[in-house]
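Participant: predicted model and sequence follow; I will ask about them next.
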Amino acid sequence: MSKTKKAGAGHYEILFIIPNKFTDDESKKVVEKVEKMITADGGKITLSEYWGKKKLAYKIKQNEYGYYGLFEFDLEGANLAKIDNDLRLSTDVLRHQIVAKKAKTEDDIKREKAIRAKIDSKKAEAEKKSAEKASDDKIKEEKNSKTSIATSTVKAEEKKTDLNELDEKLEGILNADDLI
């Protein structure tokens, strides 16, 4: 088998991390810079996502947080090495990884969107149920507190009557003639 690359543009994905020393607005400018780097070398971006600030799994060059960017693009293999080298030398990018990827068809994109919508609807439904349960729990708690107040009032009245009975018995004992 031959180990030569196929002719034409390949489909790639790049994930990169921008250091936390930049603000959110400045990191978006770095994302645009990477995008221009890809398009300047003849690449065509098919997917662009900015994930924002995330906590890193471990410190990288004293950074605990970083801004993530993801691109999928079509590019000639020879130009890919140039982009990789430029990103490696850039101080604006903490880490990056470029992988070859199968290009998504329109059906794949529609399927992913349908799955994502289904997941989002289930999350919304679960949040709604938890909110309903919380409100039900609050109503039950209010009923229980009202019930406990009523029972404590009844118990207090019972105690008052018990004290009255005790007072009467004590008077009876004290007034008894056979005590002395």
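Facilitator: Here it is on my side, so go on. Residues are numbered from 1 along each chain as shown.
Participant: does anything pack onto the strand or helix carrying Glu26? Which helices or strands?
Facilitator: Using DSSP states H and E, Glu26 maps to helix 24-40. Packing contacts for helix 24-40, counted by 3 or more CB pairs under 8 Å, 6 or more residues apart in numbering; DSSP states H and E, involve strand 10-19, strand 44-60, strand 63-75, helix 77-89. No exception for glycine: its C-beta is placed from N, CA and C like everyone else's.
Participant: so how far is Tyr65 from Asp25?
Facilitator: 16 Å (CB to CB, to the nearest Å).
Participant: which one's more surrounded, the two?
Facilitator: Tyr65 (12 against 7; other CB atoms under 10 Å).
Participant: wait, the more buried one sits on Lys54?
Facilitator: Yes: counting by CB atoms under 8 Å, Lys54 is a contact partner of Tyr65 at 6.8 Å.
Participant: domain-wise, how is the protein divided?
Facilitator: Domain assignment of the chain by automatic domain parsing yields the ranges 10-103, 104-174.
Participant: what is the rounded mean pLDDT of the shortest one?
Facilitator: The average pLDDT for domain 104-174 rounds to 79.
Participant: give the contact list for the closest residue to Ala9 other than its chain neighbours.
Facilitator: The spatial neighbour of Ala9 that comes closest, neighbours along the chain excluded (CB to CB, 6 or more residues apart in numbering), is Asp74 at 4.4 Å. Going by CB atoms under 8 Å, 6 or more residues apart in numbering, Asp74 touches 9-12, 43-44, 46, 103.
Participant: from those, which is closest to Asp120?
Facilitator: Lowest distance from Asp120 to the contacts of Asp74 (CB to CB) belongs to Thr46, with 23.0 Å.
Participant: and the closest one, how far is that from Tyr68?
Facilitator: 18 Å.
Participant: then Asp92?
Facilitator: 14 Å.
Participant: quick check, central residue of this structure?
Facilitator: Central residue of the chain (CA atoms, centre = their mean): Lys54, 10.3 Å from the mean position.
Participant: who does that residue form a beta bridge with?
Facilitator: Following DSSP bridges, Lys54 is listed with bridge partners Gly66.
Participant: now do the same for it: its pLDDT.
Facilitator: Reported pLDDT for Lys54: 91.
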